[in-house]
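Student: fold the following and give me the result.
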Amino acid sequence: MQANRQMGTQRTWKRTALWLTSVATLLLIGFSAPAVSAGASATDHIPASGSASEGARSVTGPPLTVANFAVTDLSTGQTTNATEQSVTVNTGCAILAEFFCLKIGASNSFTVTTTSPLQEGTSYSSPDLIVTVSVDGRTCGEFGSPLGQYDASMQLDQFGFTSTDPQPLDTFAAQISCSDADVSITGTIAFNAQNTTPNDGYYLYDSFGDTYGFGNDSFLTYLGNPGFLNLNAPVVSMATTPDGGGYWMTGGDGGVFAYGDAGFYGSTGNIRLNKPVVGMAATSDGGGYWFVASDGGVFAYGDAGFFGSMGAKHLNEPIVGMASTPDDGGYWLVASDGGIFAFGDAQFYGSTGGIRLNKPIVGMTSTSDGGGYWLVASDGGVFAFGDAQFHGSAGSFDLNRPITGIISTDDDGGYLLVADDGGLFAFGDAPFDGSLGGQGFTGIVGIAP
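Tutor: Numbers count the residues shown, from 1 in each chain. Reported below is the predicted structural model:
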């Protein structure tokens, strides 16, 4: 979403967005990168065997009906937010598969017209898309913009229409953007939306807390996100609930934001920290979480146990991330030099702490049985330890932007790397379901399953 975000009262961050690095040289056996085929993209990497097949979609949780919008006055740069707005069908206008009206909250509205019946999974844009969206007294679109001049786009994630019903609109979920010379209105509308793809695909997220779903119906995006809040510190990490029905995000100040069926169990948002929070992990039952600061301090909430930290110890380099064991009985912390610190029942399987790296480590992920882990550097170098297998890296790619995160597949047969521009690099059996690469994005800080 295009918007100016106010980070507390201290600074305004402007996201540049459109709607919608060599592996470290090691003298160790097992860390050499495979040859890169000619034409490898610096924006994305798609393995030949990594395409995902489409199967039957399951549905979890109750239907979601809510709208969230950000309205930016382009003359002043000021943004106001209208969140958790009710959504109802406006029966005062025609309800067709290519035209209908919705009421948003007490006084807001949305009207959409397309040249052919709407189809879910489709992206629409002007001039084939005709919209009018009114939020907080501001209107953009066909009946609000000066001389009808505006740019609009819509990603339709869910749509159900039964022409024989008295009220034929069954389901609607869309990400919407409209801007003209005076105002920009961006947001999401969900009407009877279902979580049809729980735990499918992946989500990229940025420092504002905006989420971008791929290989799924983007259900988590409709729950709301910190991008609609005045944050005191940027978002640094995200974790999803076991059933895929919610998620947490944490800011650099330790503020925790819970959405969907994710519970809020506490935070350090109102505590003065010695160093900023840099990562988080959730327990396997979703009943708690940990987060870690760059000085190695660990904070445990809910049913997450505290097993120790590096908070009062000397570090050669700052902590940059963490991962927990499958039984929630321990966790690993990783520093930017690849140093690994194991606590509880987490075992030490090796590190790059004593090796000269080309670029710093930026993240880690563990195997499903807790018998190993992968580290990733900002240049795309991947380092595998324990029973974690090396499936390739972006270390020899000419990257447009540095790598910022990594996740692994459930069967440990592959992993995904994400770059600051939203470029996605898939290795092993990890499916490539799309990315933000090449679309003008910056500030992508991680990837979550």
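
Student: give me the beta-bridge partners of the residue lying closest to residue 307 once chain neighbours are set aside?
Tutor: Closest residue in space to residue 307, ignoring its immediate chain neighbours: residue 344 at 3.4 Å, by CB to CB, 6 or more residues apart in numbering. For the C-beta atoms, the positions are set from N, CA and C on the backbone; glycine is no exception. When bridges are called by DSSP bridges, residue 344 pairs up with residue 330.

Student: need the contact list for residue 344.
Tutor: By CB atoms under 8 Å, 6 or more residues apart in numbering, the residues touching residue 344 are 305, 307, 308, 325, 329, 330, 331.

Student: pick out the most distant pair among those residues.
Tutor: Pairwise distances across these peak at 13.3 Å for 308 and 325 (criterion: CB to CB).

Student: looking at those two, which is more packed in?
Tutor: The residue with more neighbours, out of residue 308 and residue 325, is residue 325; 22 against 15, by other CB atoms under 10 Å.

Student: give me the phi and psi angles of that one.
Tutor: Residue 325 adopts backbone torsions of phi -80, psi 160, taken as degrees, to the nearest 10.

Student: so how far is residue 376 from the closest residue to it other than its chain neighbours?
Tutor: Of all residues not flanking residue 325 in the chain, residue 370 sits nearest, at 4.3 Å (CB to CB, 6+ apart). Residue 370 is 18 Å from residue 376, where distance means CB to CB, to the nearest Å.

Student: what are the boundaries of the strands in the stretch 251-400 of the chain?
Tutor: With DSSP state E, counting those that start in this stretch as the criterion, the stretch 251-400 of the chain has strands at 256-260, 277-282, 288-293, 298-302, 319-324, 330-335, 340-344, 361-366, 372-377, 382-386.

Student: make JSON lines from the ones you listed and add distance to residue 89 to it.
Tutor: Formatted as JSON lines, the strands of the stretch 251-400 of the chain follow (distance: least, CB to CB, whole Å):
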{"stretch": "strand 256-260", "distance to residue 89": "24"}
{"stretch": "strand 277-282", "distance to residue 89": "36"}
{"stretch": "strand 288-293", "distance to residue 89": "38"}
{"stretch": "strand 298-302", "distance to residue 89": "39"}
{"stretch": "strand 319-324", "distance to residue 89": "44"}
{"stretch": "strand 330-335", "distance to residue 89": "47"}
{"stretch": "strand 340-344", "distance to residue 89": "52"}
{"stretch": "strand 361-366", "distance to residue 89": "43"}
{"stretch": "strand 372-377", "distance to residue 89": "46"}
{"stretch": "strand 382-386", "distance to residue 89": "49"}
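
Student: want to throw these into a markdown table with mean pLDDT and distance to residue 417?
Tutor: Formatted as a markdown table, the strands of the stretch 251-400 of the chain follow (pLDDT from 0 to 100; distance: least, CB to CB, whole Å):
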| stretch | mean pLDDT | distance to residue 417 |
| --- | --- | --- |
| strand 256-260 | 97 | 25 |
| strand 277-282 | 98 | 16 |
| strand 288-293 | 98 | 21 |
| strand 298-302 | 98 | 25 |
| strand 319-324 | 98 | 13 |
| strand 330-335 | 98 | 15 |
| strand 340-344 | 98 | 19 |
| strand 361-366 | 98 | 9 |
| strand 372-377 | 98 | 6 |
| strand 382-386 | 98 | 8 |
